[in-house]
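# sequence and predicted structure are below.
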Amino acid sequence: MNLFRKIISELNIFAQCKKYNLSLWQCPQFLFLVMGTIIIVSSLFAYALGTHYIENPLIVAFTIQILAGILLIIAVIITRSFERLAEASRLKSEFISIVSHQLRSPLSNLKWTIELIMSGKLGKIEEKQTEYFKIIKENSSRMHELISDLLTVSRIESAKLPFKKQEFSMEELTKTLINEYKTLASATNVKVILVNDKNLPKAFSDPSRIKLVMENLLDNAIRYTKEKGKVEINLSQKNNNILFSIKDNGVGVPEKDQKYIFQKFFRSENILRHQTKGSGLGLYISREIVKRAKGKIGFDSKEGKGSTFWFAIPIK
(Lines give C-alpha, C1' and ligand atoms only; values in the text may rest on other atoms or scores of the structure.)
Protein backbone atom coordinates (compact mmCIF):
# COMPACT_ATOMS: atom_id res chain seq x y z
CA MET A 1 0.00 0.00 0.00
CA ASN A 2 2.84 2.36 0.92
CA LEU A 3 4.64 1.47 -2.32
CA PHE A 4 1.48 2.20 -4.31
CA ARG A 5 1.13 5.60 -2.61
CA LYS A 6 4.76 6.37 -3.32
CA ILE A 7 4.30 5.54 -7.03
CA ILE A 8 1.17 7.72 -7.21
CA SER A 9 3.06 10.53 -5.46
CA GLU A 10 5.94 10.26 -7.95
CA LEU A 11 3.47 10.40 -10.85
CA ASN A 12 1.81 13.54 -9.48
CA ILE A 13 3.86 16.10 -11.42
CA PHE A 14 2.20 19.16 -9.88
CA ALA A 15 2.85 17.90 -6.33
CA GLN A 16 6.50 17.25 -7.16
CA CYS A 17 6.92 20.72 -8.68
CA LYS A 18 5.33 22.28 -5.57
CA LYS A 19 7.65 20.25 -3.34
CA TYR A 20 10.74 21.73 -5.02
CA ASN A 21 9.09 25.15 -5.49
CA LEU A 22 9.79 25.08 -9.23
CA SER A 23 7.78 26.18 -12.23
CA LEU A 24 6.42 23.45 -14.52
CA TRP A 25 9.16 23.92 -17.14
CA GLN A 26 11.88 23.63 -14.47
CA CYS A 27 10.41 20.58 -12.75
CA PRO A 28 12.43 17.32 -13.30
CA GLN A 29 9.31 15.09 -13.50
CA PHE A 30 7.66 17.30 -16.13
CA LEU A 31 10.90 17.47 -18.13
CA PHE A 32 11.08 13.67 -18.05
CA LEU A 33 7.50 13.51 -19.38
CA VAL A 34 8.41 15.93 -22.19
CA MET A 35 11.56 13.96 -23.07
CA GLY A 36 9.56 10.70 -23.01
CA THR A 37 7.05 12.17 -25.46
CA ILE A 38 9.89 13.34 -27.72
CA ILE A 39 11.46 9.84 -27.63
CA ILE A 40 8.15 8.16 -28.61
CA VAL A 41 7.51 10.61 -31.46
CA SER A 42 11.14 10.32 -32.64
CA SER A 43 10.96 6.50 -32.54
CA LEU A 44 7.75 6.42 -34.60
CA PHE A 45 9.22 8.85 -37.12
CA ALA A 46 12.49 6.86 -37.31
CA TYR A 47 10.52 3.61 -37.76
CA ALA A 48 8.46 5.09 -40.60
CA LEU A 49 11.65 6.41 -42.23
CA GLY A 50 13.50 3.13 -41.68
CA THR A 51 10.82 0.97 -43.27
CA HIS A 52 10.98 3.21 -46.31
CA TYR A 53 14.73 2.59 -46.87
CA ILE A 54 15.34 -0.82 -45.19
CA GLU A 55 13.56 -3.90 -46.52
CA ASN A 56 13.82 -6.06 -43.36
CA PRO A 57 11.29 -4.73 -40.78
CA LEU A 58 12.93 -6.74 -37.95
CA ILE A 59 16.22 -4.85 -38.38
CA VAL A 60 14.33 -1.55 -38.34
CA ALA A 61 12.38 -2.50 -35.20
CA PHE A 62 15.53 -3.74 -33.41
CA THR A 63 17.47 -0.58 -34.30
CA ILE A 64 14.61 1.64 -33.12
CA GLN A 65 14.37 -0.27 -29.82
CA ILE A 66 18.08 0.17 -29.14
CA LEU A 67 17.91 3.86 -30.04
CA ALA A 68 14.84 4.41 -27.85
CA GLY A 69 16.48 2.54 -24.97
CA ILE A 70 19.63 4.66 -25.15
CA LEU A 71 17.59 7.88 -25.29
CA LEU A 72 15.46 6.72 -22.34
CA ILE A 73 18.54 5.97 -20.24
CA ILE A 74 19.96 9.42 -21.05
CA ALA A 75 16.61 11.02 -20.14
CA VAL A 76 16.52 9.18 -16.79
CA ILE A 77 20.11 10.21 -15.95
CA ILE A 78 19.44 13.87 -16.83
CA THR A 79 16.14 13.91 -14.89
CA ARG A 80 17.69 12.31 -11.80
CA SER A 81 20.54 14.84 -11.91
CA PHE A 82 18.05 17.72 -12.05
CA GLU A 83 16.04 16.11 -9.25
CA ARG A 84 19.12 15.86 -7.00
CA LEU A 85 19.96 19.53 -7.70
CA ALA A 86 16.36 20.56 -6.93
CA GLU A 87 16.39 18.55 -3.69
CA ALA A 88 19.74 20.08 -2.68
CA SER A 89 18.34 23.56 -3.34
CA ARG A 90 15.22 22.80 -1.27
CA LEU A 91 17.28 21.46 1.65
CA LYS A 92 19.58 24.51 1.47
CA SER A 93 16.62 26.88 1.69
CA GLU A 94 15.15 24.94 4.61
CA PHE A 95 18.53 24.95 6.40
CA ILE A 96 18.92 28.73 5.97
CA SER A 97 15.38 29.29 7.24
CA ILE A 98 15.82 27.07 10.32
CA VAL A 99 19.25 28.47 11.24
CA SER A 100 18.09 32.07 10.75
CA HIS A 101 15.04 31.53 12.96
CA GLN A 102 17.16 29.88 15.65
CA LEU A 103 19.72 32.71 15.66
CA ARG A 104 17.20 35.54 15.64
CA SER A 105 15.93 35.09 19.23
CA PRO A 106 19.33 34.93 21.01
CA LEU A 107 20.57 37.92 18.98
CA SER A 108 17.50 39.94 19.96
CA ASN A 109 18.08 39.03 23.61
CA LEU A 110 21.73 40.04 23.29
CA LYS A 111 20.74 43.40 21.79
CA TRP A 112 18.28 44.23 24.60
CA THR A 113 20.78 43.08 27.25
CA ILE A 114 23.51 45.36 25.86
CA GLU A 115 21.12 48.31 25.70
CA LEU A 116 20.04 47.67 29.30
CA ILE A 117 23.66 47.57 30.53
CA MET A 118 24.56 50.71 28.55
CA SER A 119 21.58 52.58 30.00
CA GLY A 120 23.23 52.41 33.46
CA LYS A 121 20.16 50.93 35.16
CA LEU A 122 22.19 47.93 36.34
CA GLY A 123 25.00 50.09 37.68
CA LYS A 124 27.55 52.59 36.54
CA ILE A 125 29.84 51.58 33.65
CA GLU A 126 33.18 53.13 32.81
CA GLU A 127 33.78 55.13 29.63
CA LYS A 128 36.19 52.50 28.28
CA GLN A 129 33.59 49.77 28.88
CA THR A 130 30.96 51.83 27.02
CA GLU A 131 33.21 51.87 23.92
CA TYR A 132 33.44 48.08 23.93
CA PHE A 133 29.69 47.71 24.46
CA LYS A 134 29.12 49.99 21.45
CA ILE A 135 31.30 47.70 19.32
CA ILE A 136 29.34 44.64 20.51
CA LYS A 137 26.04 46.41 19.84
CA GLU A 138 27.11 47.46 16.33
CA ASN A 139 28.24 43.94 15.41
CA SER A 140 25.10 42.33 16.83
CA SER A 141 23.02 44.77 14.74
CA ARG A 142 24.96 43.77 11.62
CA MET A 143 24.35 40.09 12.38
CA HIS A 144 20.65 40.81 12.94
CA GLU A 145 20.44 42.54 9.52
CA LEU A 146 22.18 39.60 7.85
CA ILE A 147 19.80 37.11 9.44
CA SER A 148 16.80 39.21 8.38
CA ASP A 149 18.13 39.25 4.80
CA LEU A 150 18.69 35.47 4.86
CA LEU A 151 15.14 34.92 6.12
CA THR A 152 13.77 37.15 3.37
CA VAL A 153 15.78 35.25 0.74
CA SER A 154 14.51 31.95 2.16
CA ARG A 155 10.90 33.15 1.97
CA ILE A 156 11.40 34.42 -1.58
CA GLU A 157 12.85 31.10 -2.72
CA SER A 158 10.09 29.09 -1.04
CA ALA A 159 7.39 31.46 -2.40
CA LYS A 160 6.29 32.19 1.19
CA LEU A 161 7.03 35.91 1.26
CA PRO A 162 3.80 37.71 2.28
CA PHE A 163 2.75 40.33 -0.24
CA LYS A 164 -0.32 42.42 0.61
CA LYS A 165 -1.18 44.89 -2.12
CA GLN A 166 -2.86 48.20 -1.32
CA GLU A 167 -2.86 51.82 -2.46
CA PHE A 168 -0.18 54.04 -0.89
CA SER A 169 1.70 57.26 -1.55
CA MET A 170 5.24 56.76 -2.83
CA GLU A 171 5.99 60.40 -2.00
CA GLU A 172 5.06 60.00 1.68
CA LEU A 173 6.93 56.69 1.91
CA THR A 174 10.05 58.27 0.38
CA LYS A 175 9.95 61.27 2.73
CA THR A 176 9.63 58.93 5.73
CA LEU A 177 12.60 56.92 4.51
CA ILE A 178 14.79 60.00 3.94
CA ASN A 179 14.00 61.16 7.48
CA GLU A 180 15.02 57.74 8.86
CA TYR A 181 18.36 57.95 7.03
CA LYS A 182 19.18 61.50 8.11
CA THR A 183 21.67 60.35 10.75
CA LEU A 184 23.59 58.07 8.36
CA ALA A 185 23.62 60.72 5.61
CA SER A 186 24.81 63.39 8.05
CA ALA A 187 27.54 61.12 9.45
CA THR A 188 28.94 60.51 5.97
CA ASN A 189 28.52 64.13 4.75
CA VAL A 190 26.08 63.08 2.03
CA LYS A 191 23.17 65.32 1.03
CA VAL A 192 19.92 63.52 0.10
CA ILE A 193 17.55 65.44 -2.22
CA LEU A 194 14.01 64.50 -3.26
CA VAL A 195 12.61 65.70 -6.60
CA ASN A 196 9.10 64.58 -7.50
CA ASP A 197 6.26 65.34 -9.90
CA LYS A 198 3.25 67.13 -8.45
CA ASN A 199 -0.02 65.23 -7.89
CA LEU A 200 1.52 61.81 -8.26
CA PRO A 201 -1.11 59.05 -8.25
CA LYS A 202 -0.91 56.35 -5.60
CA ALA A 203 0.96 53.15 -6.27
CA PHE A 204 -0.69 49.74 -5.85
CA SER A 205 1.62 47.25 -4.16
CA ASP A 206 2.85 46.13 -0.73
CA PRO A 207 4.23 49.32 0.93
CA SER A 208 6.35 47.42 3.48
CA ARG A 209 8.09 45.42 0.73
CA ILE A 210 8.54 48.42 -1.56
CA LYS A 211 10.00 50.34 1.37
CA LEU A 212 12.56 47.54 1.80
CA VAL A 213 13.59 47.99 -1.85
CA MET A 214 13.93 51.74 -1.35
CA GLU A 215 15.93 51.19 1.86
CA ASN A 216 18.39 48.91 0.07
CA LEU A 217 18.91 51.41 -2.76
CA LEU A 218 19.22 54.45 -0.48
CA ASP A 219 21.52 52.65 1.95
CA ASN A 220 23.83 51.63 -0.91
CA ALA A 221 23.76 55.12 -2.44
CA ILE A 222 24.80 56.76 0.85
CA ARG A 223 27.41 54.17 1.83
CA TYR A 224 29.10 54.07 -1.58
CA THR A 225 29.18 57.85 -2.07
CA LYS A 226 32.32 59.75 -1.15
CA GLU A 227 32.25 62.43 1.52
CA LYS A 228 30.43 65.66 0.62
CA GLY A 229 28.58 63.73 -2.05
CA LYS A 230 24.99 64.03 -3.23
CA VAL A 231 22.18 61.52 -3.58
CA GLU A 232 19.18 62.58 -5.64
CA ILE A 233 15.86 60.69 -5.53
CA ASN A 234 13.35 61.24 -8.33
CA LEU A 235 9.68 60.24 -8.31
CA SER A 236 7.65 60.48 -11.49
CA GLN A 237 4.80 58.90 -13.38
CA LYS A 238 5.63 56.89 -16.47
CA ASN A 239 2.57 55.54 -18.27
CA ASN A 240 0.73 53.39 -15.69
CA ASN A 241 3.71 53.16 -13.35
CA ILE A 242 5.39 55.14 -10.59
CA LEU A 243 9.10 55.45 -11.36
CA PHE A 244 11.54 55.67 -8.44
CA SER A 245 15.14 56.51 -9.36
CA ILE A 246 18.10 57.25 -7.11
CA LYS A 247 21.28 58.85 -8.44
CA ASP A 248 24.61 59.14 -6.63
CA ASN A 249 28.11 60.35 -7.49
CA GLY A 250 29.80 57.46 -5.70
CA VAL A 251 32.22 54.70 -6.66
CA GLY A 252 30.04 53.22 -9.42
CA VAL A 253 30.03 49.63 -10.70
CA PRO A 254 32.76 48.38 -13.09
CA GLU A 255 31.41 47.31 -16.49
CA LYS A 256 32.69 43.74 -16.07
CA ASP A 257 30.68 43.33 -12.84
CA GLN A 258 27.40 44.87 -13.98
CA LYS A 259 25.87 41.62 -15.26
CA TYR A 260 26.26 40.04 -11.80
CA ILE A 261 24.94 42.98 -9.75
CA PHE A 262 21.55 41.40 -8.90
CA GLN A 263 22.98 37.99 -8.02
CA LYS A 264 22.95 36.67 -4.45
CA PHE A 265 26.04 37.48 -2.34
CA PHE A 266 27.76 39.32 -5.19
CA ARG A 267 29.78 42.41 -4.30
CA SER A 268 32.00 44.26 -6.75
CA GLU A 269 35.75 44.49 -6.05
CA ASN A 270 35.82 48.29 -5.98
CA ILE A 271 32.88 48.29 -3.53
CA LEU A 272 34.73 45.85 -1.25
CA ARG A 273 37.69 48.23 -1.22
CA HIS A 274 35.43 51.18 -0.38
CA GLN A 275 32.97 49.51 2.01
CA THR A 276 33.65 46.11 3.61
CA LYS A 277 30.24 45.86 5.33
CA GLY A 278 27.35 44.19 3.53
CA SER A 279 26.04 40.77 2.60
CA GLY A 280 25.48 41.19 -1.14
CA LEU A 281 21.79 40.26 -0.71
CA GLY A 282 20.10 43.68 -0.86
CA LEU A 283 19.92 44.04 -4.64
CA TYR A 284 18.87 40.41 -5.12
CA ILE A 285 16.02 40.88 -2.62
CA SER A 286 15.06 44.18 -4.30
CA ARG A 287 14.88 42.57 -7.73
CA GLU A 288 12.71 39.70 -6.49
CA ILE A 289 10.31 42.04 -4.65
CA VAL A 290 9.92 44.30 -7.70
CA LYS A 291 9.35 41.22 -9.85
CA ARG A 292 6.67 40.07 -7.37
CA ALA A 293 5.09 43.54 -7.63
CA LYS A 294 4.91 43.05 -11.43
CA GLY A 295 7.33 45.93 -11.91
CA LYS A 296 10.75 46.46 -13.46
CA ILE A 297 14.15 47.29 -11.97
CA GLY A 298 17.44 48.35 -13.53
CA PHE A 299 20.46 50.61 -13.26
CA ASP A 300 23.03 52.62 -15.15
CA SER A 301 26.52 52.98 -13.73
CA LYS A 302 30.04 54.10 -14.58
CA GLU A 303 33.02 53.31 -12.37
CA GLY A 304 34.27 56.37 -10.50
CA LYS A 305 31.33 58.49 -11.73
CA GLY A 306 28.37 57.08 -9.82
CA SER A 307 25.21 55.04 -10.36
CA THR A 308 21.51 55.51 -11.02
CA PHE A 309 19.27 52.69 -9.81
CA TRP A 310 15.57 52.69 -10.64
CA PHE A 311 12.42 50.63 -10.35
CA ALA A 312 8.87 51.07 -11.58
CA ILE A 313 5.71 49.65 -9.99
CA PRO A 314 2.11 49.75 -11.23
CA ILE A 315 -0.42 52.41 -10.25
CA LYS A 316 -3.27 49.88 -10.46
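Received, thanks. Treat the numbers as computed from the prediction; the structure is a model and nothing was measured.
# can you pull out the strands in the stretch 51-200 of the chain?
In the stretch 51-200 of the chain, strands defined by DSSP state E, counting those that start in this stretch lie at 166-168, 191-196, listed in chain order.
# can you tell me the closest non-neighbouring residue to Glu215?
Once its chain neighbours are removed from consideration, Glu215 has its nearest residue in Leu177; the separation is 6.4 Å (CB to CB, 6 or more residues apart in numbering). Any C-beta I mention is one placed from the backbone N, CA and C, and that applies to glycine too.
# I'd like to know how far that neighbour sits from Lys238.
Using CB to CB, to the nearest Å, we find Leu177 at a distance of 20 Å from Lys238.
# more neighbours: which of the two?
Set side by side, Leu177 and Lys238 show unequal neighbour counts under other CB atoms under 10 Å, the larger going to Leu177 at 18 against 11.
# the more buried one and Ile210 touch, don't they?
No. Here Leu177 lies out of contact with Ile210, judged by CB atoms under 8 Å, at a distance of 10.2 Å.
# what is in contact with the two at once?
Residues touching both Leu177 and Ile210 by CB atoms under 8 Å, 6 or more residues apart in numbering: none at all.
# domain-wise, how is the protein divided?
Under the assignment named as automatic domain parsing, the residue ranges that make up the domains of the chain are 1-161, 166-314.
# would you list those domains in JSON lines and tack on mean pLDDT?
Compiled in JSON lines, the domains of the chain are given as follows (pLDDT from 0 to 100):
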{"stretch": "domain 1-161", "mean pLDDT": "74"}
{"stretch": "domain 166-314", "mean pLDDT": "89"}
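# and among these, the most buried is which?
Across the domains of the chain, the average number of neighbours (mean count of other CB atoms under 10 Å) peaks for domain 166-314, which reaches a mean of 17.
# chain center to it, what's the gap?
Its chain's C-alpha centre lies 15 Å from the corresponding centre of domain 166-314 when counted by CA atoms, centre = their mean, to the nearest Å.
# for it, how far is the first residue from the last?
End-to-end distance for domain 166-314, by CA to CA, to the nearest Å: 11 Å.
# tell me where the stretch 101-250 of the chain has helices.
Counting by DSSP state H, counting those that start in this stretch, the stretch 101-250 of the chain has helices at residues 127-157, 170-180, 182-187, 207-223.
# could I get those as a markdown table with distance to Lys111?
Putting the helices of the stretch 101-250 of the chain into a markdown table (distance: least, CB to CB, whole Å) gives the following:
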| stretch | distance to Lys111 |
| --- | --- |
| helix 127-157 | 5 |
| helix 170-180 | 18 |
| helix 182-187 | 18 |
| helix 207-223 | 19 |
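# ok, the closest residue to Ile193 other than its chain neighbours to Ser245 distance?
Distances taken as CB to CB, 6+ apart put Glu232 closest to Ile193, at 4.8 Å, once the chain neighbours are dropped. Relative to Ser245, Glu232 is positioned 8 Å away (CB to CB).
# intersection of neighbour lists for these two?
Common neighbours of Glu232 and Ser245, using CB under 8 Å, 6+ apart, do not exist here.
# re the thing from before, so who does the residue nearest to Ile193 touch?
Counting by CB under 8 Å, 6+ apart, Glu232 touches Val192, Ile193, Val195, Ile246, Lys247, Asp248.
# for it, give the beta-bridge partners.
The residues listed as beta-bridge partners of Glu232 by DSSP bridges are Ile193, Lys247.
# quick one: it from Leu217, how far?
The span separating Glu232 from Leu217 equals 12 Å under the rule CB to CB.
# shared neighbours of the two, which are they?
With CB under 8 Å, 6+ apart, Glu232 and Leu217 have common neighbours Ile246.
# which residues outside stretch 38-45 are in contact with it?
Contact partners of stretch 38-45, identified using CB under 8 Å, 6+ apart, comprise Ile64, Leu67, Ala68, Leu71, Leu72, Ala75.
# what do you get if the cut-off is 10 Å, keeping everything else the same?
The contact list for stretch 38-45 (CB atoms under 10 Å, 6 or more residues apart in numbering) reads Ile64, Gln65, Leu67, Ala68, Gly69, Ile70, Leu71, Leu72, Ile74, Ala75.
# so what's the nearest residue to Asn196 once chain neighbours are set aside up against?
Leaving aside its sequence neighbours, Asn196 sits nearest to Leu235 (CB to CB, 6+ apart; 3.7 Å). Contact partners of Leu235, counting by CB under 10 Å, 6+ apart, are 169-171, 173-174, 194-197, 200, 203, 242-245.
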